[in-house]
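**Student:** can you look at this prediction? I've put the sequence above it.
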Amino acid sequence: MAYEHGEGAKRMPEWMRRPIAREGSYETVKDLMRKLELHTVCESAKCPNQGECFSTGTATFLAMGDACTRNCRFCAVEARKPGPLDPGEPDNIAQAVLLMRIKHAVITMVTRDDIADGGAAHLVGIIQAVRDASPGTRIEVLTSDFRGNLDAIDTVADALPDVFNHNVETVPRLYAEVRPIAIYERSLSVLRRVKERHPGMPTKSGIMVGLGEQFDEVVSVMRDLREVGCDLLTIGQYLRPSRKHLSVTEFVHPDVFDRYAEEATVLGFRAVASAPFVRSSYHAGEMVRGES
């Protein structure tokens, strides 16, 4: 997986180097996604764990197309006008989950500000289709902020996914640069709303580091997340997808990730995954099993 790190940047440190998996079920998973005309965040977001996940027969589904209506400067998903929703997508994702025998399905989505409900009803259709096809599969959704539309948030939460995930991504000070259309407090409000409506539903969020944030700022975000009832937390290293994206400010040392994990545990998160290659959906099923 190719990444750009900006002119004059340091070479990637040893802890960010590892072999790319291409064995096992890698080609089988790729072929199935093409056959069912599905998108994965693994490919669209240039996830560094794509090879590992595909090789072990799993993937994170990217619903509602491969184009986003936002222009976040960290994300590899293309920002352009999306096409219409595919009415066959729910059944195709359900078929893929069944064929791949996925026990913990992570379904994320592009942001669809062009749709009145942000795609909430479509996401519910996917949840229902997966549940019908594979009743034993846990379902984790990773949603947009739905522009703060409480009805849309309620629509998805009321479908009772096993985990409701919404990423805050970075610290408030960097929002204007990293997520120019997003609002930090609005992202917190998504998680707050879900917890108020369904207190027993596990909520989850993720943070990237290496964008210029300070340690104490990240800990402050953790506190904010706990205040809105967030249960599960992921922290990973930002990697620059291309030269048009934000540069990596720092390759954060694994020891610092360990310190973040310690802080999160003290603050009361039920489970935390904090390491350079951690992503929102990476080993998501293990994270839920570990905290239950």
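**Tutor:** That came in fine, so what should we check first? Residues are numbered from 1 along each chain as shown.
**Student:** His198 against Ala159, yeah?
**Tutor:** No. Between His198 and Ala159 there is no contact, the gap being 10.4 Å when judged by Cβ atoms under 8 Å. No exception for glycine: its C-beta is placed from N, CA and C like everyone else's.
**Student:** which one's more surrounded, those two?
**Tutor:** Ala159 (19 against 16; other Cβ atoms under 10 Å).
**Student:** average pLDDT across the helix or strand containing Gly285?
**Tutor:** Gly285 belongs to helix 284-291 when assigned by DSSP states H and E. In this model, helix 284-291 has an average pLDDT of 73.
**Student:** what does stretch 246-261 give?
**Tutor:** 96.
**Student:** kindly export it (C-alpha atoms) in CSV.
**Tutor:** C-alpha atoms of stretch 246-261 as CSV (Å, rounded to 0.1, in the frame of the first residue of the first chain):
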residue,chain,number,x,y,z
LEU,A,246,-2.4,16.4,5.0
SER,A,247,1.2,15.5,5.8
VAL,A,248,2.1,13.2,8.6
THR,A,249,3.4,15.5,11.4
GLU,A,250,4.8,12.6,13.5
PHE,A,251,5.1,8.9,13.6
VAL,A,252,3.9,8.3,17.1
HIS,A,253,6.0,5.8,19.0
PRO,A,254,4.3,2.6,20.2
ASP,A,255,5.1,3.6,23.8
VAL,A,256,2.9,6.6,23.4
PHE,A,257,0.1,4.5,22.1
ASP,A,258,0.5,2.4,25.3
ARG,A,259,0.2,5.5,27.4
TYR,A,260,-3.0,6.5,25.6
ALA,A,261,-4.4,3.0,26.3
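**Student:** ok now that stretch, how far from the chain's centre?
**Tutor:** Centre-to-centre, stretch 246-261 and its host chain are 18 Å apart (Cα atoms, centre = their mean, to the nearest Å).
**Student:** coming back round to it: quick one: distance of the helix holding Gly285 to the chain centre.
**Tutor:** The answer for helix 284-291 is 15 Å, by Cα atoms, centre = their mean.
**Student:** what does that helix contact?
**Tutor:** 103-104, 106, 138, 140, 162-163, 202, 231-232, 234, 270-271, 273 (Cβ atoms under 8 Å, 6 or more residues apart in numbering).
**Student:** and Pro180, how many residues sit next to it?
**Tutor:** 11.
**Student:** what helix or strand is it on?
**Tutor:** Going by DSSP H and E, Pro180 is not in any helix or strand.
**Student:** and it, backbone torsions?
**Tutor:** Main-chain dihedrals, Pro180, degrees, to the nearest 10: phi -60, psi -20.
**Student:** list the residues that contact it.
**Tutor:** 71-73.
**Student:** was I right to think Glu263 contacts Asp216?
**Tutor:** No. Judged on Cβ under 8 Å, Glu263 makes no contact with Asp216 at a distance of 9.9 Å.
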